[in-house]
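>>> What follows is a predicted structure for the sequence shown.
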Amino acid sequence: MSEKEQDRGQKAAGPVPGKLKKTIVMVGMMGAGKTAVGRALAARLDVPFLDSDHEIEAAANMTIPEIFARDGEPFFRLKERQVIARLLEEERGVLSTGGGAFLAEENRNVITAKGVSVWLQADLDVLWNRVRHRDTRPLLRTADPRATLSGLFRDRVPLYAKADLTVVSDGQAAIETMVDRVLEALQARPDVLEWT
Ligand SMILES: Nc1ncnc2c1ncn2[C@@H]1O[C@H](COP(=O)(O)OP(=O)(O)OP(=O)(O)O)[C@@H](O)[C@H]1O
Ligand SMILES: O=C(O)C1=C[C@@H](O)[C@@H](O)[C@H](O)C1
Ligand SMILES: [Mg+2]
């Protein structure tokens, strides 16, 4: 390959992500793909993957539905605030939050101060299709879970919209495509991710 061809090849491939300078924090509704996309993004960047729901469950040795049932949602939210603050302090990587985390001003402030927030924006039908078959979300254990999801969606969207970056998750985009989209959005933020 000539030097010119090599040049063209490099340009077509685009810039390559380098050093991560701030934690990338995934926010959005249940089913938006925060865990699935966050994990794949961390693997792509070769940085630690952290998930606040997982950390809370591991520390309590209980599942989230068990914590809600035994200790109530306010207790879960307290643990969530503590875990998010600790993880942002301790480690740099990709942090996937629980669906309700970004609603608390305290969490938004610490996330904005220490990381960059990425809202995975999906419409209600996409979210419902992803969460309807699993019984792991206590807030959806209602007589009409789709209506409950719809109400949460309506109330929460204005708060998710405060995130630093928004990445659309439509029903067609596979998880690796979502990783590409997040990385593309991060090209506007060299303070978060260096490029080579
Ligand atoms: N882009 C996608 N393409 C296909 N499947 C997806 C995509 N994003 C998420 N999923 C699937 O949808 C389901 C829910 O995703 P995930 O658990 O990552 O959501 P979440 O945002 O972390 O939700 P929660 O707030 O409840 O933790 C999973 O089975 C996941 O594999
Ligand atoms: O949207 C929410 O409020 C929640 C989402 C999950 O990630 C868990 O954090 C929990 O089920 C609550
Ligand atoms: Mg999750």
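Done, it's in. Residues are numbered from 1 along each chain as shown. Ligands and ions are numbered 1, 2, ... in the order given.
>>> got the residues of the protein near ligand 1?
28, 30-37, 53, 96, 98-99, 130, 137, 169, 173-175, 178 (Cβ under 6 Å from any ligand atom). (C-beta placed from N, C-alpha, C; glycine too.)
>>> again, only using 5 Å
30-36, 99, 130, 175, 178 (Cβ under 5 Å from any ligand atom).
>>> where do the strands sit along the chain?
With strands called from DSSP state E, the chain shows them at 17-20, 23-27, 49-51, 94-96, 115-121, 165-168, 193-195.
>>> ok, back up a step: so which of the residues of the chain next to ligand 1 is the most crowded?
Neighbour tally across these (other Cβ atoms under 10 Å): the maximum, 29 neighbours, falls on Lys34.
>>> about what we covered before: and ligand 3, which of the residues of the chain next to ligand 1 reach it?
Intersecting those with the contacts of ligand 3 gives 34-35 (criterion: Cβ under 5 Å from the ion).
>>> pLDDT for the residues of the chain next to ligand 1 - can I get that in JSON lines?
What follows is these, written out as JSON lines (pLDDT from 0 to 100):
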{"residue": "Met30", "pLDDT": "97"}
{"residue": "Gly31", "pLDDT": "97"}
{"residue": "Ala32", "pLDDT": "98"}
{"residue": "Gly33", "pLDDT": "98"}
{"residue": "Lys34", "pLDDT": "98"}
{"residue": "Thr35", "pLDDT": "98"}
{"residue": "Ala36", "pLDDT": "98"}
{"residue": "Gly99", "pLDDT": "98"}
{"residue": "Arg130", "pLDDT": "96"}
{"residue": "Ile175", "pLDDT": "98"}
{"residue": "Met178", "pLDDT": "98"}
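>>> just to revisit the earlier point, do you know which of the strands of the chain lies nearest Leu149?
Nearest of these to Leu149, taken as Cβ to Cβ: strand 115-121 at 15.0 Å.
>>> can you put the strands of the chain in a markdown table and add mean neighbour count, distance to Ala147 and mean pLDDT?
Converted to a markdown table, the strands of the chain look like this (neighbours: other Cβ atoms under 10 Å; distance: least, Cβ to Cβ, whole Å; pLDDT from 0 to 100):
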| stretch | mean neighbour count | distance to Ala147 | mean pLDDT |
| --- | --- | --- | --- |
| strand 17-20 | 15 | 40 | 95 |
| strand 23-27 | 28 | 23 | 98 |
| strand 49-51 | 22 | 28 | 98 |
| strand 94-96 | 28 | 26 | 98 |
| strand 115-121 | 23 | 21 | 98 |
| strand 165-168 | 18 | 24 | 98 |
| strand 193-195 | 15 | 39 | 95 |
